[in-house]
Each structure stands twice: as C-alpha cells, then as structure tokens.
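Colleague: Provided below are the primary sequence and the corresponding predicted coordinates.
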Amino acid sequence: MPLLSFHQPNTIEAGCDEAGRGCLAGPVVAAAVILPVDFSHHVLNDSKKLSAKQREDLVDEIKSRAIAWGIGVVDNHEIDEINILNASFLAMHRALDQLQVTPELLLIDGNRFTAYEQIPHETMIKGDGRFYSIAAASVLAKTYRDELMTEHAIQYPHYAWERNAGYPTKAHRQAIREYGTTPLHRMSFRLLPEQLELFV
C-alpha cells in the first residue's frame, strides 16, 4: 500500500520520528519534516524497511524537496536523568524547534507524545509506514544517528557501534563485559542480562 502525502487536506503537517530508543549507548535522535502536499516517492518508506544505501541516497533528496526539516538530539546523560520516553519527546521537540516553517498539525510516529507549544498533534502507530512525512523523518533521524555512532566507534572501537549503532547485540554486550562502559553508555539501562556490580 503506498504511503500518503497528507493526513488532513489544506494543512501544514510535520511528520516526526525518532531513532535509538532501544540502544544501550549514544543519544536518541529525532527528526521533523514538512513535505509538499503532492510529495510522492517510489522508494521512501519506514527506514527499517530500507537498506543503509537506500537511506543514505534519500537524505539529500528529502532535505532538498522538504519545505522544512529539523534534527533534535538528546544525549545519554539526559536520557539517564529524564528516562528514554521523555527523552524521545524532548528530541522531537528539539527537532520541531529547528523548523523554519510553523506546522499546523504534527504527525507523531508511536502512540504517545507530549504537546509541543499549542500545535495539535496526532499519534500514529507505525506511522512511518503510512505517511511520507513520518517516513522522511525516520530516514533523517536514523541516518544522522548511525553516522554519529560510526564516528564514536573510532574512539571506542571495541563495541562495534559502526555495525550495531549502540543496539544491544551480542557483540556489544560482550564488549561491555570485557571492557566495561564508556561515557556514552546509558547507565539507567540494563546493559547486561546479569546485573554486574560494575553497573550498580
């Protein structure tokens, strides 16, 4: 089923999505995108359904065709302070802060959100597979975050972040066991299945 270009006609809509909620390390990153009402694309979809190359190829096109776009970042220390759910909302708010055009409606991927200023919003479960604007936001958020974690992997090479982007893979968890944590790990998360004294 093709994605939709808009939810409400004659309305400036911003799609919002985040990347990195389930990671053990690094920030959560969100994007907000306002697309033209007649926008369509034969490849753009939920970023998880696209290859890394497809996502990378889409970034410049999304940015050039978008009416406005923004990226918001909340680091691991803030995540530990306010929890990952609130950090995801904050990242979206920061992405919306970057928009050069004020939206009239926010389309939020997921089922929860905290209101942004006085702008109405609608939450959409699997919205990144339903609306182009949310799909575009998912692509921008994921590619930005993946690049960030690849850069961090140079400083912290043991954790294979260039491959797992900080998600809890077997290799990532084994590296935590062997080398401990880094300043980028989320210490409020259960980093290992067994609760080692190192993380208490």
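Modeller: Perfect, I can see it now. Numbering: from 1, shown residues only.

Colleague: where do the strands sit along the protein?
Modeller: 13-19, 28-34, 68-74, 105-109, 121-124 (DSSP state E).

Colleague: For the shortest one, list every residue counted as buried.
Modeller: What that stands for is strand 121-124. Residues of strand 121-124 classed as buried: His121, Met124 (neighbour count, 16 or more other CB atoms under 10 Å). C-betas here are computed from N, CA, C, even on glycine.

Colleague: list the helices and strands it packs on?
Modeller: strand 105-109 (3 or more CB pairs under 8 Å, 6 or more residues apart in numbering; DSSP states H and E).

Colleague: can you tell me the average pLDDT over the strand it packs on?
Modeller: Across strand 105-109, pLDDT averages out at 98.

Colleague: Sheet partners, orientation included, of that strand?
Modeller: Paired strands of strand 105-109, with direction, are strand 13-19 (parallel), strand 121-124 (parallel) (DSSP bridges).

Colleague: quick one, which of those is nearest to Leu85?
Modeller: For Leu85, the closest of those is strand 13-19, at 10.5 Å, according to CB to CB.

Colleague: quick one on the thing from earlier: export the strands of the chain as CSV, with columns for distance to Lys142.
Modeller: Shown next, in CSV, are the strands of the chain (distance: least, CB to CB, whole Å):
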stretch, distance to Lys142
strand 13-19, 4
strand 28-34, 8
strand 68-74, 11
strand 105-109, 12
strand 121-124, 17
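
Colleague: What's the end-to-end length of stretch 105-123?
Modeller: Start-to-end span of stretch 105-123 (CA to CA, to the nearest Å) is 11 Å.

Colleague: Need the contact partners of it.
Modeller: 7-8, 11-18, 32, 85-86, 88-89, 92-93, 96, 102-104, 124-128, 131, 133-134, 137-138 (CB atoms under 8 Å, 6 or more residues apart in numbering).
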